[in-house]
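K.L.:
Generate a structure from the sequence data that follows.
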Amino acid sequence: MKSAILITARLKSTRLPMKVIKNIHGKPMIEHMLDRLKLAHEPEEIIVCTSHMAEDDPLERIAIEQGVQCFRGDPDDVLLRLMMAADQYGVETIINCTADNPLVDPIYIDKLYRYHASGKHDFTKIEGLPWGTFSYAISFEAMVRACEIKNELDTEVWHGYFMDTGLFNCGVLDVRDPDVFWPNLRLTVDWPEDFALITKLFDELYCKDKIFSLSAAVNLCREFPEIPAINAGVMQKVGIPIKLKNDVGHKNV
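P.N.:
Below is the predicted model:
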């Protein structure tokens, strides 16, 4: 059963323009993410999934330079883009994360894959890790089905099609490790304050050719509360509500 990490990536951000390629210690942020994801053992490939828009050309160049695959598809329909990428590369188990999360944890990618496969789930999420460090596992068949039932072309936030419709077998991998358990810690990058926090972590922990662990980042935030205070006032954006086709038999949410 072929598995791959599919990274959702665009350069269209307005709150923090070009955020996924902003420089951190001499490298675009997405390159730091790729360095980290390459430590995962279970997935067989990494695929940057971006749009066919010219503005996203730099992401394809980075993917080529970093030795990973690139798929270019619909700019707004993320579900469709992921499904078509998985289809093109023959991926049966999709591990998804987004390029604005440079600290996605490879250890929990492997744990997620094994949990998802052993439970034969359609969709599996992780609960307990800091926001922006987790990933999702989806079977290709479930991704196809989600694309069939959706009645919305903007699917940037798409998890509800699996979790809220009652149509899929969903699993939850609960984090028990106290070294990384901190669900309210915000380690994603959406606003300037977020980028400032991530940059601070790299300032303190980054060494060339060595990937610092998620536990090191979490422990630093515990030791120095002024670090998580940097983006404490930032609220996570709310996505467009899911919409189902009328013949699906479930209410629109």
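
K.L.:
and the residue positioned nearest the centre of the chain, what helix or strand is that in?
P.N.:
When C-alpha atoms, centre = their mean is applied to the chain, the residue found nearest the centroid is Cys97 (1.7 Å). Take DSSP states H and E as the rule and Cys97 turns out to sit in strand 93-98.

K.L.:
Kindly report the same for Arg72.
P.N.:
Assessed by DSSP H and E, Arg72 sits inside strand 69-73.

K.L.:
show me where pLDDT drops low in the stretch 1-150 of the chain?
P.N.:
Regions of the stretch 1-150 of the chain meeting the criterion pLDDT under 70 are absent.

K.L.:
residue ranges of the strands in it, please?
P.N.:
Ranges of strands within the stretch 1-150 of the chain are 3-8, 23-24, 27-28, 45-51, 69-73, 93-98, 123-127, 136-139, based on DSSP state E, counting those that start in this stretch.

K.L.:
wait, which of those is closest to Pro183?
P.N.:
Closest of the strands of the stretch 1-150 of the chain to Pro183 is strand 123-127, at 6.9 Å (criterion: C-beta to C-beta). Where C-beta positions appear, they are placed from N, C-alpha and C, glycine not excepted.

K.L.:
So in that sheet, which strands flank that closest one, and in what orientation?
P.N.:
Paired with strand 123-127 in the same sheet, following DSSP bridges, are strand 136-139 (antiparallel), strand 170-174 (parallel).

K.L.:
which one of those lies closest to Arg145?
P.N.:
With C-beta to C-beta, the closest approach to Arg145 among the strands paired with strand 123-127 belongs to strand 136-139: 9.3 Å.

K.L.:
mind checking how far the closest one is from the chain centre?
P.N.:
11 Å (C-alpha atoms, centre = their mean, to the nearest Å).

K.L.:
Any idea how far apart the tips of stretch 216-229 sit?
P.N.:
17 Å (C-alpha to C-alpha, to the nearest Å).

K.L.:
Now tell me what touches that stretch from outside.
P.N.:
With contacts defined as C-beta atoms under 8 Å, 6 or more residues apart in numbering, stretch 216-229 is touched by 103, 130, 179-180, 182, 185-187, 197, 200-201, 204-205.

K.L.:
try 7 Å
P.N.:
Applying C-beta atoms under 7 Å, 6 or more residues apart in numbering, the contact partners of stretch 216-229 are 103, 130, 179-180, 182, 185, 187, 197, 200-201, 204-205.

K.L.:
Can you lay out those residues as JSON lines showing neighbour count?
P.N.:
Rendered in JSON lines, the data for the contacts of stretch 216-229 read as follows (neighbours: other C-beta atoms under 10 Å):
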{"residue": "Leu103", "neighbour count": "23"}
{"residue": "Pro130", "neighbour count": "24"}
{"residue": "Asp179", "neighbour count": "13"}
{"residue": "Val180", "neighbour count": "22"}
{"residue": "Trp182", "neighbour count": "22"}
{"residue": "Leu185", "neighbour count": "21"}
{"residue": "Leu187", "neighbour count": "26"}
{"residue": "Leu197", "neighbour count": "25"}
{"residue": "Lys200", "neighbour count": "17"}
{"residue": "Leu201", "neighbour count": "21"}
{"residue": "Glu204", "neighbour count": "13"}
{"residue": "Leu205", "neighbour count": "15"}
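
K.L.:
If anything else comes up later, I'll come back, but that's it for now.
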